[in-house]
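> Pasting the sequence and the predicted model now:
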Amino acid sequence: MGSDETGGLTADLRSAERRLQAAQLAADADALELLLDDRLVFTGPDGRLYSKKDDLEIQRSGRQRLGRVDEEELAVLVVGTTGVTWFLGLVGGTLDGQEFSARVRYTRTWVHSDEGGWRVVAAHVTPV
């Protein structure tokens, strides 16, 4: 893989991460459907594991509504067709009717295919 291709994939991954943030903020389950791999495993702040189905259900049901996703820092690494993003920032909104606001670090592992582009296969969030 040449450096131009790697650079292009890195820019594409950075763009995919920002589309994911925008989809979370808009509670856009259809956009998330395209950005989340069917095999997704998400480790929530409570330590529990969640699936893509769980993530989409919380968006579609309205149980979670974000009012802010403020990126402070975003690091991106691409190795072949695997990528990792590290987001640091403030998120806030409501979850099950309870307001929340937290500074968090998301670590997301992405896989790339020609058909689907970048999709999140694993993610973890922790308060900072």
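Structure's in. What do you need?

> To which secondary structure element is T126 assigned?
strand 117-127 (DSSP states H and E).

> can you point me to the longest helix in this structure?
Among the elements of type helix in the chain, defined by DSSP state H, the one spanning the most residues is helix 3-26.

> tell me which strands and helices that helix is in contact with?
Under the contact definition 3 or more C-beta pairs under 8 Å, 6 or more residues apart in numbering; DSSP states H and E, helix 3-26 sits against helix 29-35, strand 64-79, strand 82-95, strand 98-113, strand 117-127. Where you see a C-beta, it was placed from the backbone N, CA and C, and this is true even at glycine.

> Including distance to S51, could these go into JSON lines?
Formatted as JSON lines, the entries for the helices and strands packed on helix 3-26 read as follows, by distance: least, C-beta to C-beta, whole Å:
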{"stretch": "helix 29-35", "distance to S51": "13"}
{"stretch": "strand 64-79", "distance to S51": "15"}
{"stretch": "strand 82-95", "distance to S51": "18"}
{"stretch": "strand 98-113", "distance to S51": "15"}
{"stretch": "strand 117-127", "distance to S51": "11"}
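
> Figure out which of these is closest to E57.
Taking C-beta to C-beta as the criterion, helix 29-35 is the member of these that comes nearest to E57, at 8.6 Å.

> tell me the pLDDT at the most centrally placed residue in the chain?
In the chain, the residue lying closest to the centroid (C-alpha atoms, centre = their mean) is L20, at 5.2 Å. At L20 the predicted local distance difference test score is 97.
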